[in-house]
Each structure stands twice: as C-alpha cells, then as structure tokens.
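**Student:** How does the following fold in three dimensions:
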Amino acid sequence: MRFKILVADDEKNIREGLAASLEMDGYEVETAADGNEGWKRFQKGDIDLVISDLRMPGLSGEELLRRINAEAPGLPVIVLTGHGTVENAVAAMRNGAYDFLTKPFNLERLSLMIKRALQNRELVLRQFRLEQELAQKKQFETIIGNSVPMRRVFDTISRAAPAKAAVLITGESGVGKELVADAIHALSPRKDKPLVKVHCAALSESLLESELFGHEKGAFTGASSRRRGRFELANEGTLFLDEIGEIDQNIQIKLLRVLQEKKFERVGGEETVEADVRIVAATNKDLKAEIEKGAFREDLYFRLNVVNIRIPSLRERKDDIPLFITAFIKEFSQENGKPIEGIDDKARAAIYSYDWPGNVRELRNCIESAVVMSKGPVITESDLPPTLRNRNDEGWIRIPLGTTLEESEKIIIRDTLSALKGNKSKTAETLAIGRKTLHRKLAEWGGDGESGGGEEP
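**Tutor:** Numbers count the residues shown, from 1 in each chain. Prediction:
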C-alpha cells in the first residue's frame, strides 16, 4: 500500500523540500501553500497523514487540525512549529495531533515519526475492515454461501435493505427465500419494528383476506370480536408475503390498493385504517407467465417488483455445498448426540454430482438422514438416501449453456470424480491432469483434497 501525505506550509522551501524528501522515501505527496488550500485538498479524500505548520495565513494550523480531527478522527497529523510556539504545539497534541517537531527539524527523526504514525494507522484501518467484515458476516450468518452468485445476492440485499421500496424475492422452492427476507428486515431502519410473515398458499381466499386486513366483530360466522390483520400488526415494520403468486385476483386488487394508498378497511368494516408497511414478497412462480395467463395482475407485479432478488438454485452454486455439508453435519450431530467428524470422498462426490431439485431444503434433509443413519464418525455413501446411492450413470456430464469456463472445469472434475466413485488417481488419469493439480483444485473448491474412501494406495 502506497500512503499519501499532505504537506501544508506557507514557506515554499520547507514545503517543496519536504515533498521531495518524502517522495524519495516512497510516499505520494500533495502540497498546500496555506491552511485553506490544505483543507480543500484534504476534503477530496485519500490522505493518510498530514504535516502542517501551526502558523499560516488564513486558516491556521490549529484550525486545520481541529477540522481534520472532526472529519476523520484518528488520522495522524504532525505539526511543525518554531521555537517560540512550542506551547502551542503541546496544546495541539492535546487537541489530537499525533506529534510535533520544532523548526529546523531533523529529516531522519521526521521519517521515523511518519513510519510509526502510518503503521499505527494501518493497524487501525485493518481492525476497522475486520470489524466491518465480521459485522457483515453476522448480518448474513443465517444465509450460507460464498459463491459468486451468492455474493451478488448479498450485495443486492445490502443495497436494498436501507430503502423503503418493495422487494420481490424469486427462486425455486427450497432455496431460502424466507432467510433473505429476514436479512432485509434485519439490515433495514425498521429492524426494531415487527417482521410479520404470511404464507399465502396455506390460506383460502376468505381466510387470507381476514389474515391480511383483519375483520370486525360479526363480519362472518365465527367472528366473535374485532381482529387486527397482519398489515396493522406490521405497522412501521416489514410484512413478508410468501408465495405471493398463489393469491386470488380479489385479494390482488385489495393488496394493490394498500401498496398505492397505504390504506384499507377490515373485513366487514367501514373504518379506513392506515399502515406504514414495507412489503417483501416471495414466489417460486414465473409471475410474467402468470400475467400472460391472466392469473396475476400486471400492475401489482410492478408494485411488488421494484427490487428483484433472484436466489440461485443449489445446482447453480455447487461451490457452496461444502459449507452446507459442514454446517448441517455440525447442527445434526449436536441435535442427535452423534460425534460425526465428516464425510468420505465417495459420499461427497455423490452429493456434488446430484442436481438437487429440492435445493437447500433437500440437501438439509439428506444430511440429517445421513447423520441419523451413520454407524461411525464419518458419513459414507451407504448412509445417504437411496436417491443419491442408486443413481444411474449414463456416462454424460451436463454443463448448462452460459456456464463460465471456470465453473465448467469444476463440473467436469467433480462429476468425473463421482463417476469414478471418488477415486482421485483414476480421475486425474482420465482427465489427463496431475494428481497434485487435482488435489489442489479440489482443496481450493471446498476442502475436497483430503484423502478418504475411493483413493488408490
């Protein structure tokens, strides 16, 4: 990392001499002839350390220090002062300066001072970045994934969460759409307000209407008292509508009105109720196709689909499978009181080569079953469900159109390894690559380079 230093001094010889010396030491240097110029340059950003004279026309060194300290606390400022103003320099130290030197100063001493200051700054910045990374991981800790498609999802969540706009989460059943809704709410300004969830497919039209908007006493048989709906319960918070593609046209009309006007009436009531609710909806249906069939309103679709987050299927993010395996083995080992240490190569290869039509939910059930059925500390192929054990190998490798060269390589290697029952020697020979290369690639993709079942001696 090349640090950038700002030198602010009204004495041209000192300013230019310092700049030349610092550039010889490998620093990038910006100069300013007075405090005002120094402040303007500092505001442009990218400054790692400031060297400033205390006595300058216009904006003084003390005021420049104060402004820098307010704008960027902790950024090192070294002040330069004459013999007659040492007390001012000491005062500057109290006000946040890193250190000071009296003129004429020793360049070697200044060089050491700068080195120490920048080392401290680098440590502070590294700690800050680490804390940011840990905070980000904590925010997404319920969502497992580090593949390129999932990093895109995390980025979209981070950008969409602070807004008020409606979000439509799409993807196949079992990919984890509800977890994404949880993350959006947790990262939003509404995080301390309610997150209310409605699973639309589980309710009939009449029940769903009452569930969403509430009802008045006597609105229908069994309505013995007034009941608040989910919109009221979610006021100032987030309402998650799962399987939005299943709702009836009549409910779609009422939902559209709420999204447009933020107002509704309870079932059987005349009083208008207002609700400030952020809508996050999810579906495994192709809503555009539903619109063409006349089953879903186009105007409602555009209201819901302000921000779209598509969750990739598990077969599109096989790089994440090792993370899921590790997490699920840990979870179900603890739950069942079984000390499972891991999974052997044949079982791992079988898992990689499977297409997972049920996505993460199916993989989770598979690992839970394998943990329960395992007789020893390592899950083997025989512990896996029959759908993975008894698959017919037709001798083909499927690579979807649009797959990158890097992803294609992963699919070829993993599917060949699976077809050869986890035997790495035969896999390397079949693919005409070195065994070390194969081990290295498998390790890079998820720790598969470990020795285990199926390996030749």
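**Student:** Am I right that Q260 is in a strand?
**Tutor:** No - counting by DSSP: H, G, I helix; E, B strand; the rest coil, Q260 is not part of a strand but helix.
**Student:** Confirm for me that it is in contact with R303.
**Tutor:** Yes - contact criterion CB atoms under 8 Å: Q260 and R303 qualify, at 7.2 Å. Using the backbone N, CA and C atoms, a C-beta is placed for each residue, glycine as well.
**Student:** higher neighbour count, the two?
**Tutor:** R303 (18 against 11; other CB atoms under 10 Å).
**Student:** okay, which residue is most central for the protein?
**Tutor:** Nearest to the centroid of the C-alpha atoms of the chain, with distances taken as CA atoms, centre = their mean, sits F154, at 3.4 Å.
**Student:** Report the distance from the helix or strand harbouring that residue to the chain centre.
**Tutor:** In the assignment (DSSP states H and E), F154 maps to helix 148-160. How far helix 148-160 lies from its chain's middle: 6 Å, per CA atoms, centre = their mean, to the nearest Å.
**Student:** Then stretch 256-276?
**Tutor:** For stretch 256-276, the distance to the chain centre is 35 Å (CA atoms, centre = their mean).
**Student:** And for stretch 208-223?
**Tutor:** On CA atoms, centre = their mean, the centre of stretch 208-223 falls 40 Å from the chain's centre.
**Student:** What are the buried residues along that stretch?
**Tutor:** Burial within stretch 208-223, assessed by neighbour count using 16 or more other CB atoms under 10 Å, is assigned to L208, E209, S210, E211, L212, F213, G214, H215, E216, A219.
**Student:** Quick one: mark the members of these that sit in helices.
**Tutor:** Using DSSP state H, the members of the buried residues of stretch 208-223 that fall in helices are L208, E209, S210, E211, L212, F213.
**Student:** Distance-wise, check P377 relative to E444.
**Tutor:** To E444, P377 is 26 Å away according to CB to CB, to the nearest Å.
**Student:** list the contacts for L300?
**Tutor:** L300 makes contacts with Q252, L255, L256, L259, as judged by CB atoms under 8 Å, 6 or more residues apart in numbering.
**Student:** Most neighbours out of those residues, which is it?
**Tutor:** Result: L255 is most packed of the contacts of L300 (other CB under 10 Å), 26 neighbours.
**Student:** so what secondary structure elements neighbour the helix or strand harbouring that one?
**Tutor:** For L255, the host element (DSSP H and E) is helix 249-261. Helix 249-261 sits against helix 205-213, strand 263-265, helix 298-304, with contacts defined as 3 or more CB pairs under 8 Å, 6 or more residues apart in numbering; DSSP states H and E.
**Student:** May I have that helix exported as CSV, CA atoms only?
**Tutor:** Extracted in CSV, the C-alpha atoms of helix 249-261 (Å, rounded to 0.1, in the frame of the first residue of the first chain):
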residue,chain,number,x,y,z
GLN,A,249,-57.5,-12.0,-8.0
ASN,A,250,-59.8,-10.3,-5.5
ILE,A,251,-57.1,-10.2,-2.9
GLN,A,252,-54.7,-8.9,-5.5
ILE,A,253,-56.9,-5.9,-6.1
LYS,A,254,-57.1,-5.1,-2.3
LEU,A,255,-53.3,-5.6,-1.9
LEU,A,256,-52.7,-3.2,-4.8
ARG,A,257,-54.7,-0.5,-3.1
VAL,A,258,-52.8,-0.9,0.1
LEU,A,259,-49.5,-0.6,-1.8
GLN,A,260,-50.7,2.5,-3.6
GLU,A,261,-52.5,4.3,-0.8
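**Student:** relative to helix 205-213, how tilted is that helix?
**Tutor:** Taking axes from the mean of the first three to the mean of the last three CA atoms, to 10 degrees, one finds helix 249-261 and helix 205-213 inclined to each other by 20 degrees.
**Student:** Identify the residues contacting helix 249-261?
**Tutor:** Residues outside helix 249-261 that contact it (CB under 8 Å, 6+ apart) are 166, 205, 208-209, 212-213, 231, 247, 263-264, 275, 277, 279, 295-297, 299-300, 303-304.
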